[in-house]
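Enquirer: Just the structure for this:
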Amino acid sequence: MFRKSLQACALLVIIVLVENRVIVPRSTDSSVRGYLTERICWWNEVCKEEFQSQFKCKCPEWSFCRAPGRYYNAFCSMTATGYIWTQPGLRAT
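Expert: Predicted structure coming up:
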C-alpha cells in the first residue's frame, strides 16, 4: 500500500515538473554587424548561418533573428526567446 502511494506521489511530482517548464531568458548578441545582401528576410527564413560573421538578410521590424543557441542557424521569428542576434539597420540608399 505504501509503495503504491509513493509511486503515485513520484509520478505526480514528475508531471508537475514537466508541466511547469522553466523558460530560459533570452540572450542577445550584437557582435555581428554586416550583411551579405541588403534585403529583408521572409518570415522563418535563415537570417544568420552558424559560424558566419555576417547576416544573410535583415528580419522585418516585428520579428527577431533568433536561434536556440549561439552555434545554431538563426531564423526570423516573432518569438523573443532563445539566443537573439541584434541586427543593425540597413544602409540608406
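
Enquirer: all contacts plus neighbour counts: C-alpha atoms, from now on.
Expert: Noted.

Enquirer: the helices in the protein, which residues?
Expert: Remark: helices assigned in the chain by DSSP state H are 2-19.

Enquirer: what about the protein, any weak spots by pLDDT?
Expert: For the chain, residues meeting the criterion pLDDT under 70 lie at 1-25, 91-93.

Enquirer: ok, now with 90
Expert: 1-26, 43, 79-80, 89-93 (pLDDT under 90).

Enquirer: Which residue ranges of the chain form strands?
Expert: With DSSP state E, the ranges of strands along the chain come out as 27-29, 34-35, 46-48, 54-55, 64-67, 74-77, 83-85.

Enquirer: Could you list the buried residues of stretch 82-93?
Expert: 82, 83, 84, 85, 87 (16 or more other CA atoms under 10 Å).

Enquirer: will you turn those residues into a markdown table that also has distance to residue 45?
Expert: Shown next, in a markdown table, are those (distance: CA to CA, whole Å):
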| residue | distance to residue 45 |
| --- | --- |
| 82 | 16 |
| 83 | 16 |
| 84 | 15 |
| 85 | 14 |
| 87 | 15 |
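
Enquirer: Name the nearest of those residues relative to residue 71.
Expert: Distance to residue 71 across those (CA to CA) is lowest for residue 83, with 9.6 Å.

Enquirer: hang on, the closest one packs against residue 68?
Expert: Yes - with contact defined as CA atoms under 8 Å, residue 83 reaches residue 68; the gap is 5.8 Å.

Enquirer: For stretch 55-62, list the C-alpha coordinates in CSV.
Expert: Extracted in CSV, the C-alpha atoms of stretch 55-62 (Å, rounded to 0.1, in the frame of the first residue of the first chain):
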residue,chain,number,x,y,z
PHE,A,55,23.8,38.2,-41.6
LYS,A,56,22.2,36.7,-44.7
CYS,A,57,19.4,39.3,-44.6
LYS,A,58,17.5,41.6,-42.2
CYS,A,59,14.5,40.4,-40.3
PRO,A,60,11.3,42.6,-40.5
GLU,A,61,10.8,45.2,-37.7
TRP,A,62,8.3,43.0,-36.0
